[in-house]
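Chemist: What follows is a predicted structure for the sequence shown.
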Amino acid sequence: MLALAYPLDQYHHVAVNVGRKHRAAGGRFVGTLLVVSELHTLLLHRRGPADARRVVGALLSDPFHEWVDVTVELARSAVSAWLERFADQRFTLCDAVSFEVMRRQQLTTAFAFDDDFVTAGFEVLR
């Protein structure tokens, strides 16, 4: 998400193009509120509070995005299914919860620019 929202990100242009194609093809984006929180923190430090608030507000109200609440049960499942299983990897809790949501919703493709999703067994939109 940072690549879309932050023009100075090295993947910004690729992210914008991939996002447009995905949307035009009728795709949707599913993410967790941990992703939104992580994005807000990054934007807060890189672009300031006004931009961080604006971007997060727009994402939360965009019908193209489905935001999943993170319960304690979901986080526990993510820890046991992903962080413990891939104990040698540096997956964040945010990553693990995303993996678990994808597994539960039978999603196979992620919008990501690192290899964590591939390592966990998913494909990435590129």
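Modeler: The structure has been received and is ready for your questions.
Chemist: Now do the strands in this structure.
Modeler: 29-32, 65-68, 109-110, 123-124 (DSSP state E).
Chemist: Would you tell me which of the ones you listed gets closest to residue 97?
Modeler: strand 29-32 (5.3 Å; CB to CB). The C-beta positions use only the backbone N, C-alpha and C, and glycine is treated the same way.
Chemist: Give me the helices and strands touching that closest one, please.
Modeler: On a contact count with 3 or more CB pairs under 8 Å, 6 or more residues apart in numbering; DSSP states H and E, strand 29-32 meets strand 65-68, helix 93-104.
Chemist: now, of these, which is deepest in the fold?
Modeler: helix 93-104 (a mean of 21; mean count of other CB atoms under 10 Å).
Chemist: average pLDDT across it?
Modeler: If you average the pLDDT over helix 93-104, you get 98.
Chemist: cool, stretch 73-88 as well?
Modeler: For stretch 73-88, the mean pLDDT works out to 98.
Chemist: now do the same end-to-end measure for that stretch.
Modeler: 23 Å (CA to CA, to the nearest Å).
Chemist: Just give me how far it sits from the chain centre.
Modeler: Put simply, stretch 73-88 sits 17 Å off its chain's centre (CA atoms, centre = their mean, to the nearest Å).
Chemist: which residues touch the biggest helix by length in the chain?
Modeler: Counting residues, the longest helix in the chain under DSSP state H turns out to be helix 33-47. The contact list for helix 33-47 (CB atoms under 8 Å, 6 or more residues apart in numbering) reads 1-2, 5-6, 8, 51-52, 55-56, 59-60, 67-70, 92-94, 97-98.
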